[in-house]
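Enquirer: Show me how the following folds:
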Amino acid sequence: MTDASGLYTGIVSHSRLRPRRHSLRYRVFWTLFDLAELETLDRRSRLFSHNRFNLFAFHDRDHGDGSGPLRPQIVERLVEAGVDLKGGAIRLLCMPRLLGYVFNPISVYFCHRPDGGLAALIYEVTNTFGARHSYLIPTKPGDEGAPVIRQRSAKQLYVSPFMDMDLTYDFKVTPPGESVALQVRCSDADGLMLTATMAGRRSALTDAGILRAAATHPLLTLKVVAGIHWEALMLFLKGVRLTRQPAPPKRSFSIVR
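Expert: As a prediction, this is how the structure comes out:
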């Protein structure tokens, strides 16, 4: 359909080192949506819709502050961070709605300048308690066309009841091309605690591709939530202690300098 938006099929895996070892590995898919292409994708596809029900769908309210059109929200946040895209593309890697349901533990915005260079990345984290927080990190000189981008942020949002708040996220990103990858290393004062990785290979976001993804990953978005609760049960049975849930951060996003 288009050259920018696409479908990525691959694997998500977690490896926890402390206080008990625990690992998981699931087959998944993600979509990369160029926000400027959503209406075109809607018109061309029988199986994808923008802000309407379909086999695959993208609803603006599933991201950002949930209030509506997404690009103006992201541009406003970027301006606050001192980043001017000058009309450049914003592309979002996430899971789509599948038969009306979606849950994205993490979505990534790739914010480009007109020449295609990356100006900033935004890591949008959603927890199962209904809260969402975004980490906006401008790129450093030399990152614009780098094959791998490394960034860091302190944890701001309570995500897992088995993880303390005093953690640092180290992000390692391979920007979308023929493949895409994201690794998040979670560390505390004693060192590395958990590594989460997602990686996929690109295919076209066509009706045939949508059917293939839905058939090979049936009810994926429901399985994401089911998998989160199953893995939580496994951790509980292994004796990993629960942590206290703090009040959510006052702002829904952080600008990381």
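
Enquirer: how about the helices in the stretch 51-200 of the chain?
Expert: Secondary structure of the stretch 51-200 of the chain (DSSP state H, counting those that start in this stretch): helices at 70-80.

Enquirer: what's the spacing between residue 228 and residue 185?
Expert: 19 Å (Cβ to Cβ, to the nearest Å). Where you see a C-beta, it was placed from the backbone N, CA and C, and this is true even at glycine.

Enquirer: Residue 137 too?
Expert: If you measure residue 137 against residue 185 using Cβ to Cβ, the figure is 15 Å.

Enquirer: if you count what's nearby, which of these two comes out ahead?
Expert: residue 137 (21 against 17; other Cβ atoms under 10 Å).

Enquirer: Dig out what that one forms beta bridges with.
Expert: residue 121 (DSSP bridges).

Enquirer: surely it meets residue 118?
Expert: No: contact criterion Cβ atoms under 8 Å: residue 137 and residue 118 do not qualify, at 10.5 Å.

Enquirer: longest helix anywhere in the chain?
Expert: helix 220-237 (DSSP state H).

Enquirer: list the buried ones in it?
Expert: With burial defined by 16 or more other Cβ atoms under 10 Å, the residues of helix 220-237 counted as buried are 220, 221, 223, 224, 227, 228, 231, 232, 235.

Enquirer: Out of the residues you listed, which comes closest to residue 195?
Expert: The nearest member of the buried residues of helix 220-237 to residue 195, counting by Cβ to Cβ, is residue 231 at 14.6 Å.

Enquirer: Nearest residue to the closest one in space, ignoring adjacent ones along the chain?
Expert: Distance criterion Cβ to Cβ, 6 or more residues apart in numbering; nearest residue to residue 231, sequence neighbours excluded, is residue 24 at 5.5 Å.

Enquirer: That neighbour bridge partners, please.
Expert: residue 14.

Enquirer: and it, how many neighbours does it have?
Expert: By other Cβ under 10 Å, 15 other residues sit near residue 24.

Enquirer: residues in contact with it?
Expert: 13, 14, 227, 231 (Cβ atoms under 8 Å, 6 or more residues apart in numbering).

Enquirer: distance of it from residue 47?
Expert: With Cβ to Cβ as the criterion, residue 24 and residue 47 are 29 Å apart.

Enquirer: count of neighbours near residue 43?
Expert: 11.

Enquirer: Sorry, slip of the keys, the one I care about is residue 177.
Expert: Residue 177 has 9 neighbours, counted by other Cβ under 10 Å.

Enquirer: Could you do residue 239 as well?
Expert: Neighbour tally, residue 239, other Cβ under 10 Å: 8.

Enquirer: pretty sure it belongs to a strand, no?
Expert: No: using DSSP: H, G, I helix; E, B strand; the rest coil, the secondary structure at residue 239 is coil, not a strand.

Enquirer: With adjacent residues omitted, what lies nearest to it?
Expert: For residue 239, the spatially nearest residue (Cβ to Cβ, 6+ apart) is residue 20, at 6.5 Å.

Enquirer: so that neighbour is in which element?
Expert: For residue 20, there is no host helix or strand (DSSP states H and E).

Enquirer: quick one, what contacts it?
Expert: 235, 238, 239, 240.

Enquirer: a markdown table for those, including distance to residue 154?
Expert: As requested, the contacts of residue 20 are arranged in a markdown table below (distance: Cβ to Cβ, whole Å):
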| residue | distance to residue 154 |
| --- | --- |
| 235 | 23 |
| 238 | 27 |
| 239 | 28 |
| 240 | 22 |
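
Enquirer: Tell me which two in those residues are the farthest apart.
Expert: It's 235 and 239 that sit farthest apart of the contacts of residue 20, by Cβ to Cβ, at 8.5 Å.

Enquirer: which residues sit in contact with the closest residue to residue 110 other than its chain neighbours?
Expert: Leaving aside its sequence neighbours, residue 110 sits nearest to residue 91 (Cβ to Cβ, 6+ apart; 4.6 Å). Residue 91 makes contact with 4, 5, 32, 33, 34, 35, 109, 110, 112, 176 under the criterion Cβ under 8 Å, 6+ apart.
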